[in-house]
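Student: Okay, structure incoming, though there's no sequence with it:
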Ligand SMILES: O=C1NC[C@H](CO)[C@@H](O)[C@@H]1O
Ligand SMILES: [Ca+2]
């Protein structure tokens, strides 16, 4: 029946999420233990963020705090034991500074928040020490890539997200170690982007980290822009630093002024030229669907709810979201699905602010469609085509799946005592850095 779900139904759904997580973890342990990513159709593996076939246990580390908050304690301990016995970052290989920080530094810090094991903090510090040299530029904006062993840097053109998505993780690391180098580097990098905003208070997607010159003109709330804005707010939410709220408010006022487009009751945020405000494209990438949750957090609940509902109509149409969608053409521009969490992320953030069943319903639709279309023999996989019938699967489970949507679903449905629903902080990778209740 379509009737409103009662509390027992949500708890039953939370139990199903937990069962799916335990099953996927057991498949990972059986077929990909210690590897970065499992390919759940072919039962093979892939490596990330190192791409040289060397593995750092990415999915295992990303899963840890999700396992803990679900009460899968023996599996959590198995993972922590693997980290303590095997994890070594002294590898002669290049990694993305951004991806490695949000996924591995963040994953180790959230596991430490769950259990307090000092080895997890030591590993997070060791890794951050290997990433820190990337920030040694004249502007303070980091290189895109660094070698974990030699410190050799590459990719001098970076994005606002790639430059400024560090402060919550690195501020936490400084707080826990007493070493200010991490928070100082993260803060200086974010300010360097903000100080180079256009006269419209917009930022573009690409900038030269040595000269500080912009290398693109496109302002977006999607890829390359997204977590720059998210982390301005987060600096306020996690550390109560008003400087970050002022920067967030400045950037958000500009986005609401220049990128807010209503089509009837549907709200969209097209990319615009960062100096003229002219619309560049009506294609939205799926990553932008996190933004409704951030707008709600920052006080623009009307726009946050409307943008999330816009994306919910796309989810209703295709079951799972395509990677790219053109709201003017009313069709997908990229038909693949990368098993991404953003709409569930937004629904969860809005639920925390306003526990209306609607946000749980969007999360439930996201979860049930994932079970129906993305489940494969050895785990959950991304899709090649969401428009084909039946939808065609690809063969890759990304690390963020273990840290993000499975945690958002569980927290949305379970009301678990292990999480403080009133005072908490989750990173852009879903890592809980504040709000776990160990005693529960
Ligand atoms: O901020 C992010 N961007 C891309 C991934 C999820 O789609 C994930 O790594 C994270 O949520
Ligand atoms: Ca994110």
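Tutor: Nice, thanks for sending it over. Since the structure is predicted, the reported quantities are computational estimates derived from the model, not experimental observations. Ligands and ions are numbered 1, 2, ... in the order given.

Student: okay, and for the stretch 1-150 of the chain, where does confidence drop off?
Tutor: Within the stretch 1-150 of the chain, the segments meeting pLDDT under 70 span 1-4.

Student: what does it have sitting close to ligand 1?
Tutor: Proximity of the stretch 1-150 of the chain to ligand 1, by CB under 6 Å from any ligand atom, involves residues residue 102. To be clear about C-beta, it is placed using only N, CA and C from the backbone, and glycine gets the same treatment.

Student: Pick out the residue of the stretch 1-150 of the chain closest to ligand 1.
Tutor: residue 102 (6.0 Å; CB to the nearest ligand atom).

Student: for the residue nearest to that residue when sequence neighbours are not counted, helix, strand, or coil?
Tutor: The shortest distance from residue 102 to any residue other than its chain neighbours is 4.3 Å, reached at residue 429 (CB to CB, 6 or more residues apart in numbering). At residue 429 the chain is in coil, as set by DSSP: H, G, I helix; E, B strand; the rest coil.

Student: all helices for the stretch 301-440 of the chain, in order.
Tutor: In the stretch 301-440 of the chain, the helices defined using DSSP state H, counting those that start in this stretch lie at 301-318, 342-353, 357-373, 399-403, 405-414.

Student: Over to residue 224. Which of the three states is it?
Tutor: coil.

Student: which residues touch stretch 232-247?
Tutor: Applying CB atoms under 8 Å, 6 or more residues apart in numbering, the set of residues contacting stretch 232-247 from outside is 164, 167-168, 171-172, 190-191, 194, 248, 251, 294, 297-298, 425, 427-428, 433-434.

Student: Derive a PyMOL selection command for the buried subset of those residues.
Tutor: Buried residues among the contacts of stretch 232-247 (16 or more other CB atoms under 10 Å), as a PyMOL selection:
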select buried, resi 164+167+168+171+172+190+191+194+248+251+294+297+298+425+427+428+433+434
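
Student: Cross-check the contacts of stretch 232-247 against ligand 1 and keep the overlap.
Tutor: residue 428.

Student: From the contacts of stretch 232-247, which land in helices?
Tutor: Those of the contacts of stretch 232-247 mapping onto helices are 164, 167-168, 171-172, 190-191, 194, 248, 251, 294, 297, per DSSP state H.

Student: which two in those residues are spaced the farthest apart?
Tutor: 172 and 251 (22.9 Å; CB to CB).

Student: who touches residue 9 in this structure?
Tutor: Per CB under 8 Å, 6+ apart, neighbours of residue 9: none.

Student: quick one: it from residue 357, how far?
Tutor: 11 Å (CB to CB, to the nearest Å).

Student: can you give me the end-to-end distance of stretch 425-440?
Tutor: End-to-end span of stretch 425-440 (CA to CA, to the nearest Å): 18 Å.

Student: how near is the residue lying closest to residue 270 once chain neighbours are set aside to residue 369?
Tutor: Nearest in space to residue 270, with sequence neighbours left out and distances taken as CB to CB, 6+ apart, is residue 279 at 4.8 Å. Taking CB to CB as the measure, residue 279 falls 31 Å from residue 369.

Student: so residue 95 sits right up against residue 146, yeah?
Tutor: Yes: between residue 95 and residue 146 there is a contact at 6.6 Å, judged by CB atoms under 8 Å.

Student: what ranges do the strands span in the stretch 101-250 of the chain?
Tutor: 145-147, 153-154, 157-158, 207-208, 218-219 (DSSP state E, counting those that start in this stretch).

Student: For the first one, name the packing helices and strands.
Tutor: Packed against strand 145-147, as judged by 3 or more CB pairs under 8 Å, 6 or more residues apart in numbering; DSSP states H and E, are the following elements: strand 94-96, strand 153-154.

Student: among those strands, which is the most enclosed?
Tutor: Counting by mean count of other CB atoms under 10 Å, strand 94-96 has the highest mean neighbour count of these, with a mean of 22.

Student: which residues are in contact with it?
Tutor: Defining contact as CB under 8 Å, 6+ apart, one finds that strand 94-96 is touched by 49-51, 144-148, 152, 154, 162.

Student: what does stretch 151-162 give?
Tutor: The contact list for stretch 151-162 (CB under 8 Å, 6+ apart) reads 94, 96-98, 130, 133-134, 141-147, 193, 203, 205-210, 215, 223-228.

Student: could you redo the last one with a cut-off of 7 Å?
Tutor: For stretch 151-162, the external contacting residues (CB atoms under 7 Å, 6 or more residues apart in numbering) are 94, 98, 133-134, 141-146, 193, 203, 205-210, 215, 224-228.

Student: what's the average pLDDT for it?
Tutor: Per-residue pLDDT over stretch 151-162 has a mean of 98.

Student: wait, does it contact ligand 1?
Tutor: No: using CB under 6 Å from any ligand atom, stretch 151-162 stays clear of ligand 1, coming no nearer than 7.4 Å.

Student: re earlier: what subset of the contacts of stretch 151-162 is buried?
Tutor: Buried among the contacts of stretch 151-162 (16+ other CB under 10 Å): 94, 98, 133-134, 141-146, 193, 203, 205-207, 209, 224-228.

Student: need the residues of the stretch 201-350 of the chain near ligand 1, please.
Tutor: 227, 287, 340-342.

Student: top of the residues you listed by neighbour count?
Tutor: residue 341 (27 neighbours; other CB atoms under 10 Å).

Student: Next, give phi and psi for it.
Tutor: phi -100, psi -10 (degrees, to the nearest 10).

Student: mind checking how far it is from residue 401?
Tutor: From residue 341 to residue 401 the distance is 7 Å (CB to CB).

Student: And the nearest residue to residue 282 once chain neighbours are set aside, what's its pLDDT?
Tutor: Computed as CB to CB, 6+ apart, the closest residue to residue 282 that is not its neighbour in sequence is residue 328, at 3.8 Å. Note for residue 328: predicted pLDDT of 97.

Student: count of residues packed around residue 328?
Tutor: What residue 328 shows, counting by other CB under 10 Å, is a neighbour count of 13.

Student: do residue 402 as well
Tutor: Residue 402: 31 neighbours (other CB under 10 Å).

Student: Same question for residue 401.
Tutor: 28.

Student: List the contacts of residue 90.
Tutor: By CB under 7 Å, 6+ apart, the neighbours of residue 90 are residue 149.

Student: ok, now with 10 Å
Tutor: 126, 130, 148-149 (CB atoms under 10 Å, 6 or more residues apart in numbering).

Student: One more: residue 262?
Tutor: Counting by CB under 10 Å, 6+ apart, residue 262 has contacts 268, 303, 306, 310.

Student: nearest to ligand 1, of these?
Tutor: For the contacts of residue 262, the nearest to ligand 1 is residue 310 (18.1 Å; CB to the nearest ligand atom).

Student: mind checking how far the nearest residue to residue 383 once chain neighbours are set aside is from residue 317?
Tutor: Excluding its sequence neighbours, the residue lying closest to residue 383 (CB to CB, 6+ apart) is residue 337, at 4.0 Å. As judged by CB to CB, residue 337 and residue 317 stand 13 Å apart.
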